[in-house]
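> sharing a sequence plus its predicted fold:
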Amino acid sequence: MTPKSQADHNREKLKNFVKSIGIPLITSGIALTSALTARPFQTRAVDPLLVPPTPSRGFQTKSGLRYFDLYINPKYTQTPKYGQLVTFHYTIYYSPFNIKPPKLEIIDSTHYEIEPFLHKHGNSQIIRAIDDGLHTMRLGSRRRIFVPVNLAYTEPGIGPVPLDPFRRKKLNKILTEFEAGKGDLVIDLELMMIADDEADPGYYEDIPVDVEDTRKAIMKAMEKNQNNGLLKDFGGSRGQDSVTGNELSRDAKRKENQSFKER
């Protein structure tokens, strides 16, 4: 019997630790760090049929995501970084605009399956609204997000998608109404664990990027390269430093003829 690798040992140690506190976790195909760097949190028992009210005070991001903190855990200050592994519970609701007062109808929930959802934060395999919502959440906290259309199921194949075929069919139906502007897509999130990924350290950094500053930097670099003759102008109006392929060809022939006459 071959000895276990350090990664296998750490993975088994983490699984046993998580199991001991009552959090089921699927770790197939993903390498996790030891329990010293993972931050598991045992949540209270949640009945998905009990829908908590939306708090009166919320926030809105630049992307248009609205979120309301249902509970902020005072014991932890850690928030996920892009490239880390996270586990979280979610409950997806739909609130049609034609029902007054507004009512949240449950579409799907990981609480039905018991196990939380395992995800590599920021890998674009789930809807962006969830990644944005998780990014500033403290470990062990709960948050409600109101998903804008541009941060929802914008690409085929992204999740989360219900395992149950009937709930999956129901989600497809309400997404058609949601994209037509007939209701709100609402998701409750509960962040359960944050861990580094041994298989992919990533070297990710959370650097805020301003679109306008990025555009100005690109334009400045292009202008500098064009002035230095490093950027050719193929737009029809040629500058002094722009050179076409025909000119290069003629210049090469001229030098070749001159060399031949000298010989």
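Arrived safely, thanks for sending.
> look up phi and psi at Y82.
Y82 has phi and psi values of phi -60, psi 130 when expressed as degrees, to the nearest 10.
> cool, and K100?
Dihedral angles for K100 - degrees, to the nearest 10 - are phi -120, psi 130.
> residues near it, how many?
7 (other Cβ atoms under 10 Å). From N, CA and C alone the C-beta is placed, and that goes for glycine too.
> so L175 sits against A152, correct?
Yes - between L175 and A152 there is a contact under Cβ atoms under 8 Å: 7.4 Å.
> mind listing the helices for the stretch 151-263 of the chain?
165-179, 211-227, 245-262 (DSSP state H, counting those that start in this stretch).
> where's Y153 relative to N73, distance?
29 Å (Cβ to Cβ, to the nearest Å).
> what about the strands in this protein?
59-60, 66-71, 85-96, 105-109, 117-120, 142-147, 183-195 (DSSP state E).
> how long is stretch 75-83 end to end?
23 Å (Cα to Cα, to the nearest Å).
> likewise stretch 61-74?
23 Å.
> ok, and the closest non-adjacent residue to P52?
L70 (5.8 Å; Cβ to Cβ, 6 or more residues apart in numbering).
> can you get me the start-to-end distance on stretch 52-59?
18 Å.
> which parts of it are buried?
Neighbour-count burial for stretch 52-59 flags T54 (criterion: 16 or more other Cβ atoms under 10 Å).
> likewise for stretch 55-74?
61, 65-70, 73.
> and if you look at stretch 155-174?
160, 162, 167, 170-171, 174.
> run through who's touching that stretch.
Outside stretch 155-174, the residues within contact range by Cβ atoms under 8 Å, 6 or more residues apart in numbering are 90, 92, 94, 107-108, 110, 112-113, 117, 124-127, 130, 183, 185.
> how near is the residue nearest to K120 when sequence neighbours are not counted to I145?
Distances taken as Cβ to Cβ, 6+ apart place L85 nearest to K120, at 5.7 Å, with adjacent residues excluded. Using Cβ to Cβ, we find L85 at a distance of 20 Å from I145.
> L104 now?
In terms of Cβ to Cβ, L104 sits 13 Å off from I145.
> for the protein, give me the ranges with low pLDDT.
1-49, 201-211, 229-263 (pLDDT under 70).
> got the domain boundaries for it?
With domains defined by automatic domain parsing, the chain comprises 40-195, 211-262.
> so who does the residue nearest to N98 when sequence neighbours are not counted touch?
What sits nearest to N98 in space, not counting adjacent residues and going by Cβ to Cβ, 6+ apart, is K182, at 7.3 Å. Residues near K182 by Cβ under 8 Å, 6+ apart: 96-98.
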